[in-house]
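S.K.: sequence-free structure coming up:
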């Protein structure tokens, strides 16, 4: 079930025009065999992961992603970014050429390098 089930066409069109960090997403973090399922804006996921699922810390401690069907091992400091880029699949299009980026900082670098002279 998606966060959009039962919504009107007008509401769906509204969500489609939102930037990725403001669109609603369903949390796929698994706790005790159950998927969290809470629906929240993408920009709220780092706080949600920290406060609800205890994913916090900016250290190199190895940590396992508990998102549905993931299980990837990574540094604890990378979990929030991993969820946003891999599971929520944030994508930011270049307004000039349409190339897609998973990070705003990468998009900004692209804009400086490729389109500054345009």
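M.R.: Alright, I've got the coordinates. Predicted, not measured: the structure shown is a model, and the values here were computed from it. Numbering: from 1, shown residues only.

S.K.: from here on, just use CA atoms for contacts and neighbour counts.
M.R.: OK.

S.K.: what comes into contact with the lengthiest helix in the chain?
M.R.: Longest helix in the chain, counting residues (DSSP state H): helix 104-115. Outside of helix 104-115, the residues within contact range by Cα atoms under 8 Å, 6 or more residues apart in numbering are 92-94, 96, 100-101.

S.K.: can you rerun that using 6 Å?
M.R.: residue 101 (Cα atoms under 6 Å, 6 or more residues apart in numbering).

S.K.: just the mean pLDDT for it, thanks.
M.R.: Across helix 104-115, pLDDT averages out at 92.

S.K.: show the pLDDT at the residue nearest to the spatial centre of the chain.
M.R.: Ranked by distance to the mean C-alpha position of the chain (Cα atoms, centre = their mean), the top residue is residue 84 at 2.3 Å. Turning to residue 84, the model gives it a pLDDT of 87.

S.K.: what is the burial count for the closest residue to it other than its chain neighbours?
M.R.: Among residues not flanking residue 84 along the chain, residue 90 sits closest, at 6.1 Å (Cα to Cα, 6 or more residues apart in numbering). A count of nearby residues for residue 90, using other Cα atoms under 10 Å, gives 19.

S.K.: one more: residue 96?
M.R.: 10.

S.K.: leaving out the residues flanking it, which one is nearest to it?
M.R.: residue 115 (7.5 Å).

S.K.: now do that neighbour: how many residues are near it, please.
M.R.: 13.

S.K.: how close does it sit to residue 104?
M.R.: 15 Å (Cα to Cα, to the nearest Å).

S.K.: report the buried residues of the longest helix of the chain.
M.R.: 107, 111 (16 or more other Cα atoms under 10 Å).

S.K.: can you pull out the helices in the protein?
M.R.: So, for the chain - with DSSP H - the helices run 9-17, 45-53, 79-82, 104-115.

S.K.: chain center to the third one: distance?
M.R.: In other words, helix 79-82. Relative to the chain's own centre, helix 79-82 is displaced by 8 Å; criterion: Cα atoms, centre = their mean, to the nearest Å.

S.K.: again, but for stretch 40-60
M.R.: So, by Cα atoms, centre = their mean, the centroid of stretch 40-60 is 11 Å from its chain's centroid.
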